[in-house]
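K.L.:
fold the following and give me the result.
(chains A and B)
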2 protein chains.
Amino acid sequence: MQIIDGKATSLVIQQEIKELVEQRIAQGQKRPHLAAIIVGDNPASRAYVGHKIKACERVGFQSTLVECSDNIQESELLAEVEALNQDDAIDGFIVQLPLPDHIDEQKVLEAVTPTKDVDGFHPVNAGRLSLGLPGFQPATPAGIIELLKRYGIETSGKHAVIIGRSAIVGTPMTLLLSRNAQPGNCTVTMCHSRTQNLAEITRSADILVAAIGRAHFVTKDMVKPGAIVIDVGINRIPDPSKKSGARLTGDVDYDAVAEVAGHITPVPGGVGPMTIAMLLRNTLDASASS
Amino acid sequence: MQIIDGKATSLVIQQEIKELVEQRIAQGQKRPHLAAIIVGDNPASRAYVGHKIKACERVGFQSTLVECSDNIQESELLAEVEALNQDDAIDGFIVQLPLPDHIDEQKVLEAVTPTKDVDGFHPVNAGRLSLGLPGFQPATPAGIIELLKRYGIETSGKHAVIIGRSAIVGTPMTLLLSRNAQPGNCTVTMCHSRTQNLAEITRSADILVAAIGRAHFVTKDMVKPGAIVIDVGINRIPDPSKKSGARLTGDVDYDAVAEVAGHITPVPGGVGPMTIAMLLRNTLDASASS
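P.N.:
Predicted coordinates for the structure are as follows:
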């Protein structure tokens, strides 16, 4: 069994990006610039955005944080988005989710100009992915593709089973693994809450992607020996041994599944750290084409 | 075994649309107006467009045919598209494919304003479908969903197997059948040329959609008894008994598969006629929201 080390891979990619940025600067090109809009004081959101800003510093990007109060009006937030759309200094930007209930999240995401949409959440980018055209891909599925590539995992003709059909993970993952590319060319089965005989299907998976959001949902008996197991879940479960009284765990019952899997991603340290690397890569691409 | 009669269903839908148009006219609303751009003299393209124009007449739509010569420059064609985008009298329009080799087809399709893109080929509409948002859906998969609905076929929790991963059939079909909707909620397996053990997978299908483009590819031994078999293929094969020396046939070996299938769509008269009904429905929707 081999552990797929997303944390180490993410750092390697960030180092590569840093070197590319230095080359570009040496050639007189512009330093990539990522902006993030954050609304309110949600501690988790603040932590996520903080990680992204720090990663920008690490790779030599410029970064801008636009902080908005919890009671910002939708129209005001849309004006902030439009300001970033218009600002030639900004290559790409994200709107940290979730947004407060009084704001139409979809409306805000669709206001981001697609060429700066480095989260890949705009319908144009979702559509370009679906049509097999170049565009910004959402960080989580793109990070999984990158892990498969860097670990030299053969995917062509393999059976990939995706548990979860969300717009930002399960659905784009299905599209990326099925398309005629390397990695890709999998036969893909998309499973979800209505799926019958789930364990029977997952047992036929050469590549199993768990993106359900339920701690330890994938048990050892659901996994074919030798399978590649990718765990997208980040679930908080009680753990009295921790100061916070809780710890993070994935959708996969890691210790038991690791006994049968060929490759497996841990949580934390698997898919999670790759999302930041993919966000930076999208920003680098946005900068190159702006 | 029940034959799914797409021809009859298409005519029922066209009658429904006709009645809606008459109601709208009676209420002083605008008559829906579909335009089609055709480039060159390809007989098949001319026939397809002719069918669409005739269908418009049947349901009381206005229609406009924009004819361009085979040697039109890309920029001139883009100008024609832009003229239709700007024309408030036109609710929706299509650019009949294929286009001559010297024209970038994707560029032309992306020039169509998404709110008039009644073929559902623009990345915005592909993205909205992928994200589960309302938008114009491509006619073939939308027509199949409509057949499943009108024949009262339960899809929730069923295993759907799609053979083919094209941008206009296989991929959107996968997305529509997997999403949380009725029809929908299928576990979906997407197969293609790289799929191994295809027959084993298709034999597990409760719903089998064949969109490969190879005559009689799906044989009886590939189909589970009682399965719903949807044949998207339109293949021309030699037939000395016909005046033209050829006839149309599907991707399914119909006569043999019909012996085991629970429901089956014939070719011709199955999925094909539904595409016109869906194009008209999209145009009606475009007209209502314009």
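K.L.:
domain map for chain A?
P.N.:
A:28-113, A:139-273 (automatic domain parsing).
K.L.:
just these: most buried one?
P.N.:
Among the domains of chain A, judged by mean count of other C-beta atoms under 10 Å in any protein chain shown, the one packed with the most neighbours on average is domain A:139-273 (a mean of 20). The way it works is simple: take the backbone N, C-alpha and C, and place the C-beta from them, glycine included.
K.L.:
any idea how far it is from the chain center?
P.N.:
13 Å (C-alpha atoms, centre = their mean, to the nearest Å).
K.L.:
okay if I get the domains of chain A as CSV plus distance to chain B and mean pLDDT?
P.N.:
Output for the domains of chain A, formatted as CSV (distance: least, C-beta to the nearest C-beta, whole Å; pLDDT from 0 to 100):
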stretch, distance to chain B, mean pLDDT
domain A:28-113, 7, 97
domain A:139-273, 4, 97
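K.L.:
now the strands for the stretch 151-290 of chain A?
P.N.:
For the stretch 151-290 of chain A, the strands defined by DSSP state E, counting those that start in this stretch cover A:159-163, A:187-191, A:207-210, A:228-231, A:235-238, A:246-249, A:263-264.
K.L.:
with respect to residue B:65, which of the domains of chain A lies nearest?
P.N.:
domain A:28-113 (33.4 Å; C-beta to C-beta).
K.L.:
got TSV for the strands of the stretch 151-290 of chain A, with distance to residue A:58 too?
P.N.:
Output for the strands of the stretch 151-290 of chain A, formatted as TSV (distance: least, C-beta to C-beta, whole Å):
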stretch	distance to residue A:58
strand A:159-163	31
strand A:187-191	34
strand A:207-210	28
strand A:228-231	25
strand A:235-238	26
strand A:246-249	22
strand A:263-264	27
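K.L.:
contacts only, for residue A:223.
P.N.:
Shown in contact with residue A:223 (C-beta atoms under 8 Å, 6 or more residues apart in numbering or on different chains): A:202, A:203, A:205, A:208, A:229, A:257, A:260, A:261.
K.L.:
look up how far residue A:229 lies from the last one.
P.N.:
In this structure, residue A:261 and residue A:229 are 4 Å apart, going by C-beta to C-beta, to the nearest Å.
K.L.:
for the second one, same thing?
P.N.:
For residue A:203, the distance to residue A:229 (C-beta to C-beta) stands at 12 Å.
K.L.:
next one: the first one
P.N.:
Relative to residue A:229, residue A:202 is positioned 10 Å away (C-beta to C-beta).
K.L.:
check contacts around the residue nearest in space to the middle of chain A.
P.N.:
With distances taken as C-alpha atoms, centre = their mean, residue A:140 lies nearest the centre of chain A, 2.1 Å away. Applying C-beta under 8 Å, 6+ apart, one finds that residue A:140 lies in contact with A:168, A:169, A:173, A:211, A:232, A:271, A:274, A:275, A:278.
K.L.:
in helices, which of these fall?
P.N.:
A:173, A:271, A:274, A:275, A:278 (DSSP state H).
K.L.:
using the three-state scheme, assign the closest residue to the third one other than its chain neighbours.
P.N.:
Distance criterion C-beta to C-beta, 6 or more residues apart in numbering or on different chains; nearest residue to residue A:274, sequence neighbours excluded, is residue A:143 at 2.9 Å. Reducing the assignment to helix, strand or coil with DSSP: H, G, I helix; E, B strand; the rest coil, the entry for residue A:143 is helix.
K.L.:
circling back to that earlier point, now do the shared contacts for residue A:202 and residue A:229.
P.N.:
A:208, A:218, A:223.
K.L.:
can you add distance to residue A:87 and give those residues back as TSV?
P.N.:
Output for the shared contacts of residue A:202 and residue A:229, formatted as TSV (distance: C-beta to C-beta, whole Å):
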residue	distance to residue A:87
A:208	42
A:218	44
A:223	48
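K.L.:
the longest helix along chain A: what's the following helix or strand?
P.N.:
What stands out as the longest helix in chain A, according to DSSP H, is helix A:6-26. Note on helix A:6-26: by DSSP states H and E, the next helix or strand toward the C-terminus is strand A:33-39.
K.L.:
tell me which other helices or strands the helix or strand following that next one touches.
P.N.:
Remark: after strand A:33-39, the chain's next helix or strand is helix A:43-59, criterion DSSP H and E. With contacts taken as 3 or more C-beta pairs under 8 Å, 6 or more residues apart in numbering or on different chains; DSSP states H and E, helix A:43-59 sits against helix A:6-26, strand A:33-39, strand A:62-68, helix A:271-289.
K.L.:
and the angle from the third one to helix A:43-59?
P.N.:
For strand A:62-68 and helix A:43-59, the angle between their directions (axes from the mean of the first three to the mean of the last three C-alpha atoms, to 10 degrees) works out to 160 degrees.
K.L.:
and for the longest one?
P.N.:
Taking the same axes, to 10 degrees, helix A:6-26 and helix A:43-59 form an angle of 50 degrees between their directions.
K.L.:
give the buried residues for helix A:6-26.
P.N.:
Judged by neighbour count using 16 or more other C-beta atoms under 10 Å in any protein chain shown, the buried positions of helix A:6-26 are A:6, A:9, A:10, A:13, A:14, A:17, A:20, A:21, A:24.
K.L.:
centre of the chain to that helix, how far?
P.N.:
18 Å.
K.L.:
alpha carbons of that helix, as PDB, please.
P.N.:
C-alpha atoms of helix A:6-26 as PDB (Å, rounded to 0.1, in the frame of the first residue of the first chain):
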ATOM      1  CA  GLY A   6      -1.100  15.400  -1.000                       C
ATOM      2  CA  LYS A   7       0.700  17.700   1.400                       C
ATOM      3  CA  ALA A   8       4.100  17.000   0.000                       C
ATOM      4  CA  THR A   9       2.800  17.100  -3.600                       C
ATOM      5  CA  SER A  10       1.200  20.400  -3.000                       C
ATOM      6  CA  LEU A  11       4.500  21.800  -1.700                       C
ATOM      7  CA  VAL A  12       6.300  20.500  -4.700                       C
ATOM      8  CA  ILE A  13       3.800  22.200  -7.000                       C
ATOM      9  CA  GLN A  14       4.000  25.400  -5.000                       C
ATOM     10  CA  GLN A  15       7.800  25.300  -5.400                       C
ATOM     11  CA  GLU A  16       7.400  24.900  -9.200                       C
ATOM     12  CA  ILE A  17       5.000  27.800  -9.300                       C
ATOM     13  CA  LYS A  18       7.500  29.900  -7.300                       C
ATOM     14  CA  GLU A  19      10.200  29.200  -9.800                       C
ATOM     15  CA  LEU A  20       8.000  30.100 -12.700                       C
ATOM     16  CA  VAL A  21       7.000  33.400 -11.000                       C
ATOM     17  CA  GLU A  22      10.700  34.200 -10.500                       C
ATOM     18  CA  GLN A  23      11.400  33.400 -14.100                       C
ATOM     19  CA  ARG A  24       8.600  35.700 -15.200                       C
ATOM     20  CA  ILE A  25       9.700  38.500 -13.000                       C
ATOM     21  CA  ALA A  26      13.200  38.200 -14.300                       C
END
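K.L.:
alright, that wraps it up for me.
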